[in-house]
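Asker: Whatever this is, show me its structure:
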Amino acid sequence: MKPKVYMISVLLMLLSVQIIAAQDRIIKRDGEIIECKVEEIGSEEIKYILAEYGPDLQFGILKSKVEKIMFENGREMLIDHLEFARETTEMNSIDLFQVQRRNAIKMAFLSPLTGITSFSYERALKPGRSIEFTLSLIGLGFNNPEDAAGLGLKAGYKFIRSPDHYIRGMRYAHILKGGYVRPEFSFAKYNLRSKNEDVVKAALMVNIGKQWVFSDVFLLDLYFGAGYGMTTSRIEDPEYPHDFVVVDPDFPLALDAGFRLGFLIK
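Answerer: Numbering: from 1, shown residues only. Sure, this is the predicted structure:
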């Protein structure tokens with residue numbers, strides 16, 4: 001081996017040893033650990049060198065996939081994923097799904113005024129998709145002239161318009177925020193004690209609505225729905241629809257509308 005080539009080889013070996021001796025650790029969000037030498041921390045990507053490939057080959061990893069960096073001198077750097085996700089564009093909506101609260105508890109704010117207390121639970125399944133369930137306590141409210149008592153149940157699958165973002169910078173606000181379409185099955189069974197009548201009704205409806213989320217904590221949901229329904233009642237007072245309206249047994253039009261307030265949980 002020529003002296004010049006030999007010297008270059010020795011220098012490369014020494015440099016590799018130096019890289020191995022000064023190892024940083026990138027801790028990924030899935031638990032994987034990358035032992036390396038961190039070279040650069042950018043706004044969206046972390047660049048690093050692996051000892052086995054030498055100093056001339058540089059690798060990169062998205063910050064959205066990293067939990068923290070542990071440097072060889074003992075210091076740690078935690079990645080603020082919520083702040084980072086708020087700065088990402090529509091292409092990175094999956095990052096928001098990983099860091100934002102994806103469950104919501106809601107109450108139909110005006111329902112007690114019609115003799116009903118209604119609660120809903122929504123869970124995001126993936127960006128642009130969620131499921132929602134509603135339980136209505138018929139008769140629990142401030143205005144119940146027919147002395148109704150029973151339960152209502154609803155189950156729906158929500159298609160959220162994607163993306164829903166602020167105009168400036170095309171930034172997402174929240175994965176549960178935005179206009180949506182929600183196909184839903186509704187069922188109610190209750191007794192009108194003032195008329196000694198048992199009522200059963202069901203409907204398949206399509207709801208169109210809009211949901212706003214504030215600071216990843218509070219939400220407001222407005223919607224209107226229409227579809228096909230059936231009811232066993234011919235004497236129910238239309239002013240008191242008891243969870244949702246079926247116009248008439250002979251005209252199976254079902255209608256619903258709501259105004260919900262709620263909060264988000266992990």
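Asker: Correct me if wrong, but residue 112 is in a strand.
Answerer: No - using DSSP: H, G, I helix; E, B strand; the rest coil, the secondary structure at residue 112 is helix, not a strand.
Asker: For the closest residue to it other than its chain neighbours, give me the pLDDT.
Answerer: Closest residue in space to residue 112, ignoring its immediate chain neighbours: residue 141 at 4.0 Å, by Cβ to Cβ, 6 or more residues apart in numbering. C-beta coordinates here come from the backbone N, C-alpha and C atoms, glycine included. Reading off the confidence values, residue 141 has pLDDT 85.
Asker: that's a strand at residue 141, yeah?
Answerer: No - Residue 141 is assigned coil when assessed by three-state DSSP, not a strand.
Asker: That one touches residue 111, doesn't it?
Answerer: Yes - contact status for residue 141 versus residue 111: in contact at 6.8 Å, counting by Cβ atoms under 8 Å.
Asker: out of these two, which sits in the busier spot?
Answerer: Comparing residue 141 with residue 111 by other Cβ atoms under 10 Å, the one with more neighbours is residue 111, at 21 against 17.
Asker: wait, what's in contact with that one?
Answerer: 117-118, 136, 141, 258 (Cβ atoms under 8 Å, 6 or more residues apart in numbering).
Asker: Can you pick out the most distant pair from those residues?
Answerer: Pairwise distances across the contacts of residue 111 (Cβ to Cβ) peak at 14.5 Å, for the pair 141 and 258.
Asker: one step back: please report the distance of the residue nearest to residue 112 from residue 222.
Answerer: 20 Å (Cβ to Cβ, to the nearest Å).
Asker: Next: residue 233.
Answerer: Residue 233 is 28 Å from residue 222, by Cβ to Cβ.
Asker: Looking at those two, which is more packed in?
Answerer: With neighbours defined as other Cβ under 10 Å, residue 233 and residue 222 compare such that residue 233 has more, 18 against 13.
Asker: Mind pulling up the pLDDT for that one?
Answerer: 81.
Asker: Grab the nearest non-local neighbour of it.
Answerer: Using Cβ to Cβ, 6+ apart, the nearest residue to residue 233 is residue 199, at 4.4 Å.
Asker: ok, and that neighbour, which helix or strand is that part of?
Answerer: Secondary structure from DSSP states H and E places residue 199 in strand 197-214.
Asker: from the chain's centre, how far out does that strand sit?
Answerer: 20 Å (Cα atoms, centre = their mean, to the nearest Å).
Asker: what do you get for stretch 107-115?
Answerer: 25 Å.
Asker: Span of that stretch from start to end?
Answerer: Distance across stretch 107-115, first residue to last, is 14 Å (Cα to Cα, to the nearest Å).
Asker: Pull out the buried positions in that stretch.
Answerer: Of all the residues in stretch 107-115, those buried under the rule 16 or more other Cβ atoms under 10 Å are 107-108, 111-112, 114-115.
Asker: and what of stretch 188-202?
Answerer: Applying 16+ other Cβ under 10 Å to stretch 188-202 flags 188, 190-192, 197, 199, 201-202 as buried.
Asker: How about stretch 131-139?
Answerer: 132, 134, 136-139.
Asker: Restricted to strands, list these.
Answerer: Residues of the buried residues of stretch 131-139 located in strands (DSSP state E): 132, 134, 136-138.
Asker: Contacts only, for residue 66.
Answerer: 26-29, 46, 79.
Asker: what's the closest of the residues you listed to residue 208?
Answerer: residue 29 (35.9 Å).
Asker: The closest one is in contact with residue 68, isn't it?
Answerer: No - taking contacts as Cβ under 8 Å, residue 29 lies outside contact range of residue 68: 9.4 Å.
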